[in-house]
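**Q** no FASTA, just this:
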């Protein structure tokens, strides 16, 4: 799964976005995470610096070759043990119940089937364990929601498969997770980011009896 032009552009723009507020969002996303973690769609590894010392190990899955190379570099400076592997969200190479936490961070917009990817995440975390998610999502206002639907005709072609109008929080529930808390907010560090300004950060869990 290669998007060479987008990957290089994202590699530059994402670092700049860190300075405009994304780093704080990542800290909020990962606050209190513990145990063995799988991060699905790790991109260039910008989450790695924010994992707390309560984490034993992070397995980071990233299919895009250029971004995966950047993630390997980021893993070498991480405060916890991070291994970066090639893989896709809808077919994770791990046994059922292998992890304590699954993390999705700005990736559900671009996977082929968000619900299927989330069900794979539910499969590989133990019953009762957590999902952490941080995503841009479908707007709650009619005007921006219509705009998102309109530009999604072309946006994915230029954005590495990214869709602006997905309701990723609803997908979390549809995949069988129970949402414990979530926070919706607008984040618009530049005019170009307007279509993806609506965001959500949340915590969910796999039911203990699942």
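**A** Received, thanks. Quick caveat, the model's predicted, so the values are computed rather than measured.

**Q** Contacts only, for residue 80.
**A** By Cβ atoms under 8 Å, 6 or more residues apart in numbering, residue 80 lies in contact with 48, 51-53, 55-58. Every residue, glycine included, has its C-beta placed from N, CA and C.

**Q** typo on my end, residue 155
**A** So residue 155 contacts 162-164, 195 (Cβ under 8 Å, 6+ apart).

**Q** Just the closest of the contacts of residue 80 to residue 104, please.
**A** Nearest to residue 104 out of these is residue 58 (Cβ to Cβ; 13.5 Å).

**Q** strands paired with the one helix or strand residue 59 maps to, and their directions?
**A** If you go by DSSP states H and E, residue 59 is part of strand 55-61. Partners of strand 55-61 in the sheet, by DSSP bridges, are strand 35-40 (parallel), strand 82-85 (parallel).

**Q** Please name the strands paired to whatever helix or strand comes next after the shortest one in the sheet, noting orientation.
**A** Looking back up the chat, that one is strand 82-85. Downstream of strand 82-85, the next assigned helix or strand under DSSP H and E is strand 99-105. Strand 99-105 has its sheet partners listed here by DSSP bridges as strand 35-40 (parallel), strand 125-136 (parallel).

**Q** Figure out how far the last one is from the centre of its chain.
**A** Remark: strand 125-136 is offset 10 Å from the chain centroid, using Cα atoms, centre = their mean, to the nearest Å.

**Q** next one: the first one
**A** Relative to its parent chain, strand 35-40 has a centroid offset of 12 Å by Cα atoms, centre = their mean.

**Q** got a pLDDT number for the closest residue to residue 103 other than its chain neighbours?
**A** Leaving aside its chain neighbours, residue 103 sits nearest to residue 39 (4.4 Å; criterion: Cβ to Cβ, 6 or more residues apart in numbering). For residue 39, the model assigns a pLDDT of 98.

**Q** same question, residue 3
**A** pLDDT, read off for residue 3, is 62.

**Q** And for residue 157?
**A** 77.

**Q** Next, work out how far apart it and residue 110 are.
**A** Between residue 157 and residue 110 the computed distance is 12 Å (Cβ to Cβ, to the nearest Å).

**Q** Give me the more crowded residue out of these two.
**A** Set residue 157 next to residue 110 and count neighbours by other Cβ atoms under 10 Å: residue 110 wins out with 21 against 10.

**Q** Double-check that one against residue 158; I have them as touching.
**A** No. Contact criterion Cβ atoms under 8 Å: residue 110 and residue 158 do not qualify, at 12.0 Å.

**Q** which non-adjacent residue is nearest residue 126?
**A** Distances taken as Cβ to Cβ, 6+ apart put residue 97 closest to residue 126, at 4.3 Å, once the chain neighbours are dropped.

**Q** so where's the protein uncertain?
**A** Within the chain, the stretches with pLDDT under 70 are 1-8, 10-12, 14-15, 191.

**Q** one more time with 80
**A** 1-20, 155-161, 189-193, 210 (pLDDT under 80).

**Q** could the contacts of residue 155 be laid out in CSV, adding secondary structure and distance to residue 102?
**A** Formatted as CSV, those follow (DSSP: H, G, I helix; E, B strand; the rest coil; distance: Cβ to Cβ, whole Å):
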residue, secondary structure, distance to residue 102
162, coil, 20
163, coil, 21
164, coil, 24
195, helix, 27
